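Novice: model this:
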Amino acid sequence: MKKIILKFRMHVLGSFFLVIAGSLSAQTVKVTGVVRDGSGNPLQGASVFLKNKQQGTVTDSNGHYELMVKTKQSMIVASFIGYAQQEKTVDITRRTTELDFAIAEVYKECAEVVIVCTPQEKKSKAFLSERKSAELIRSQMADLLKKN
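Specialist: I've put the predicted structure just below:
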């Protein structure tokens, strides 16, 4: 009987350690930070996401973001329209990791802009029916004048 209880305890204890080890390896860590422009101003609405994953977030009005990461080493990308995309590798060793971004504006000059305008004639149905009515009245008046 003692052997059965001892084996049972060993199985329970072994299972407990497996569960603990599994939960530690699959642990999620919160990565926080701020996305700023080249002048140091926070960017509202910037995208922050894990590279090659479908997991991401958008910065708030203060440029702040929070992203939950499961892997120990991840590539995090910050991007915003009109700004160069920036990638940083985060090595997760603590429960919370802070990672700030400073992304630069991208300027592209256009050598020439050409605007082409072609005239289009639009005929209003109301205008056409009004015109036909006026012609009809004239022809009827002309007929009346000829008769008199």
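Novice: please count neighbours and contacts with C-alpha atoms only from this point.
Specialist: Will do.
Novice: please enumerate the helices of the chain.
Specialist: Secondary structure of the chain (DSSP state H): helices at 2-25, 125-147.
Novice: by mean pLDDT, show me the worst of these.
Specialist: Note on the helices of the chain: lowest mean pLDDT is at helix 2-25, with a mean of 53.
Novice: for the residue nearest the centre of the chain, what are its contacts?
Specialist: Nearest residue to the geometric centre of the chain (C-alpha atoms, centre = their mean): S47, 5.8 Å. Going by C-alpha atoms under 8 Å, 6 or more residues apart in numbering, S47 touches 56-59, 77-80.
Novice: pLDDT and neighbour count added to those, as a markdown table?
Specialist: Shown next, in a markdown table, are the contacts of S47 (pLDDT from 0 to 100; neighbours: other C-alpha atoms under 10 Å):
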| residue | pLDDT | neighbour count |
| --- | --- | --- |
| G56 | 93 | 18 |
| T57 | 95 | 16 |
| V58 | 95 | 21 |
| T59 | 96 | 20 |
| V77 | 95 | 18 |
| A78 | 96 | 27 |
| S79 | 95 | 21 |
| F80 | 95 | 20 |
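Novice: which of these fall in strands?
Specialist: 56-58, 77-79 (DSSP state E).
Novice: out of those, which comes closest to Q85?
Specialist: S79 (4.6 Å; C-alpha to C-alpha).
Novice: ok, now which ones touch the closest one?
Specialist: When contacts are counted by C-alpha under 8 Å, 6+ apart, S79 is found next to 46-48, 85-86, 103.
Novice: Q85: what's it in contact with?
Specialist: 77-79, 103.
Novice: again, 6 Å this time
Specialist: Neighbour list for Q85: 78-79 [criterion: C-alpha atoms under 6 Å, 6 or more residues apart in numbering].
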